[in-house]
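> A predicted structure for the sequence below; I have some questions about it.
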Amino acid sequence: MDKRERLDKIIASQGLASRSEVKAMVRRGEVEVNGDVVKDSGVKVSYSDNICINGAPLFQRKFTYIMLNKPTGVVSATNDKRDKTVVDILPEEFKRKNLFPAGRLDKDTTGFCLVTDDGDFAHRILSPARHVTKTYIAVLSRPIDYELGKKAFLDGVVLEDGTVLLSAILIQLEAGDKPVYKVVIKEGKYHQVRRMFASLGSHVEQLKRIAIGGLMLDEALEEGEARLLTEKELESIVENDERF
């Protein structure tokens, strides 16, 4: 049996309008369920019901794809006994069964976290063979030799444990005592960006992911806020980075 949810939650979960906007649409008689005009936005319906808005059918996605601007202190997991997770802080209208973060951000790392229930898509963007890039902004505790660092990143940084990383891009954005760098990597090893800078003799004080593949974090999203992705945005995630 299909799980039944509030009508306003189901419509809002498709990214067409907020819960409050849906409630207003229902009050105006713009929403039908199985051919009948509905006046109560809290009525329980299922994802298999025929829902129409102003006569146009609501085409419901099989999977959910959410861009979350992850704040610090939140863990990239589905559940955790001690801390809030990226799933915990999602807006209620986006929550559904089997959501998980596609890739991990450290607890103290902020920025673009993709939350989905599509395992195949997650595998596509996380597989080392796909080389989908992840772009970060890093604030360091002390300067490094930029030219040497840039070459080391491009050649493949060798970590303290002997792990040789794939080629990466290092771009200096700000100099000074606490320099700021953009980093583009195409793999996702444990604490990778922090360990890369540690191999160059510096410590990452702040780290933010600003892009996955060709899709930038929406600047309109404050930390802790989220929105659904469009089909075009999903396609841009898997675009190849021609700089490598």
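Sure, I can see it.
> what's the span of stretch 99-113, first residue to last?
By C-alpha to C-alpha, to the nearest Å, the extent of stretch 99-113 from end to end equals 12 Å.
> can you pull up the bridge partners for the residue in the chain sticking out farthest from the centre?
Each residue of the chain has a distance to the centre, and by C-alpha atoms, centre = their mean the biggest one is for residue 36: 37.1 Å. Residue 36 has these beta-bridge partners by DSSP bridges: residue 33.
> can you pull the pLDDT of it?
Per-residue pLDDT puts residue 36 at 94.
> do residue 2 as well
Predicted confidence (pLDDT) for residue 2: 60.
> show me what the helix or strand where residue 206 lies is packed against.
Using DSSP states H and E, residue 206 sits within strand 204-212. Strand 204-212 sits against strand 110-116, strand 134-140, helix 192-198, with contacts defined as 3 or more C-beta pairs under 8 Å, 6 or more residues apart in numbering; DSSP states H and E. (Glycine included, C-beta is placed from N, CA and C.)
> nearest to residue 154, of the ones you listed?
Among the helices and strands packed on strand 204-212, helix 192-198 comes nearest to residue 154, with 11.9 Å by C-beta to C-beta.
> neighbouring strands - and their directions - for the strand holding residue 206?
strand 110-116 (parallel), strand 134-140 (antiparallel), strand 215-216 (antiparallel).
> got the contact list for that strand?
103, 105-106, 108-114, 125, 132-141, 178, 193-194, 197-198, 216-217, 237 (C-beta atoms under 8 Å, 6 or more residues apart in numbering).
> so which residues of this protein form helices?
For the chain, the helices defined by DSSP state H occupy 7-12, 19-27, 119-126, 146-155, 192-198, 231-237.
> per-residue confidence averaged over the fifth one?
By that I understand helix 192-198. Mean predicted confidence for helix 192-198 is 96.
> buried ones in it?
Buried positions in helix 192-198, judged by neighbour count with 16 or more other C-beta atoms under 10 Å: 192, 193, 194, 195, 196, 197.
> closest to residue 70 out of the helices of the chain?
The nearest among those, by C-beta to C-beta, is helix 192-198 at 14.9 Å.
> list the contacts of residue 238.
Shown in contact with residue 238 (C-beta under 8 Å, 6+ apart): 124, 125, 130, 132, 213, 214.
> pick the most buried one from the helices of the chain.
Across these, the average number of neighbours (mean count of other C-beta atoms under 10 Å) peaks for helix 7-12, which reaches a mean of 23.
> can I see the domain layout of the protein?
As assigned by automatic domain parsing, the chain contains the domains 4-57, 65-128+221-229, 134-212.
> now the helices and strands packed on strand 204-212 as CSV including distance to residue 3?
Formatted as CSV, the helices and strands packed on strand 204-212 follow (distance: least, C-beta to C-beta, whole Å):
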stretch, distance to residue 3
strand 110-116, 18
strand 134-140, 34
helix 192-198, 38
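> so which of these is nearest residue 89?
Smallest distance to residue 89 across those (C-beta to C-beta): 9.9 Å, for strand 110-116.
> need the helices of the chain in JSON lines with distance to residue 77, can you?
As requested, the helices of the chain are exported to JSON lines (distance: least, C-beta to C-beta, whole Å):
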{"stretch": "helix 7-12", "distance to residue 77": "24"}
{"stretch": "helix 19-27", "distance to residue 77": "26"}
{"stretch": "helix 119-126", "distance to residue 77": "14"}
{"stretch": "helix 146-155", "distance to residue 77": "29"}
{"stretch": "helix 192-198", "distance to residue 77": "18"}
{"stretch": "helix 231-237", "distance to residue 77": "21"}
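> mind checking which of these is nearest residue 184?
Among the helices of the chain, if distance is taken as C-beta to C-beta, the winner is helix 146-155, at 8.9 Å.
> that closest one: how far from the chain's middle?
Centre-to-centre, helix 146-155 and its host chain are 28 Å apart (C-alpha atoms, centre = their mean, to the nearest Å).
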